[in-house]
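Q: Please find the sequence and the predicted model below.
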Amino acid sequence: MNIVVLDGYTLNPGDLSWEEISRLGKLTVYDRTTEEEIVQRAEDAEVVLSNKTPLSAETLARLPRLRYIGVLATGYNIVDTKAAAQQGITVTNVPDYSSFSVSQLVFSLILEFCHQVQKHSDAVHGGRWSAIKDFTFSLSPLHGLIHKTMGIIGFGQIGQQVAQIAAAFGMHVVVHT
């Protein structure tokens, strides 16, 4: 089996091994592939793995040996799935690879907004806390999340994970899909 990875750097910036995949066949990994390079690089591929490199209907028509596209991200927006289906190409993705990390980032940003942790940390390191006369030190109001309402647009894996965390903070969640 001929396996081509079109944008290996976005999939693996050096912290993972391609060894397991290479056991499945001949593996060629490109760090980055422009749209103009896709056909040349994947013309003999039966399997293409990609994260961000787009695979249009025109490109797929020029890859007659292709039987499988693995989108190593959520969604299918980089692949013309209708054209792939017409050519008998199976397309899969990884629907849950980032749910926890993205929802964690959502709440790190929310908490930064509510508590301005960096601003307070910088002030403490600058000696402002030790210079005050009172025990309490705050540069701005601190906002609690309990009983606040969070709106979530889209309720896939990530939206559901964000909702679970919001519930743990005692927030009311409204969803639009």
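A: Cool, got the structure.

Q: what does the helix or strand containing Leu27 contact?
A: Per DSSP states H and E, Leu27 falls inside strand 26-29. In this structure, residues lying in contact with strand 26-29 by CB atoms under 8 Å, 6 or more residues apart in numbering are 1-5, 8, 18, 21, 41. From N, CA and C alone the C-beta is placed, and that goes for glycine too.

Q: can you check stretch 166-177 too?
A: With CB under 8 Å, 6+ apart as the contact definition, stretch 166-177 has outside contacts at 107, 145-155, 159, 163.

Q: And the helices in this structure, which stretches?
A: Using DSSP state H, the helices of the chain run over 8-11, 19-22, 38-42, 57-61, 81-86, 99-115, 117-125, 157-168.

Q: least reliable of those helices going by mean pLDDT?
A: Of all the helices of the chain, the minimum mean pLDDT falls on helix 8-11 (a mean of 88).

Q: buried sites along it?
A: 8, 10-11 (16 or more other CB atoms under 10 Å).

Q: Sort out which one of those residues lies nearest Val124 for me.
A: Thr10 (37.4 Å; CB to CB).

Q: Against Ile21, how distant is Asn12?
A: For Asn12, the distance to Ile21 (CB to CB, to the nearest Å) stands at 10 Å.
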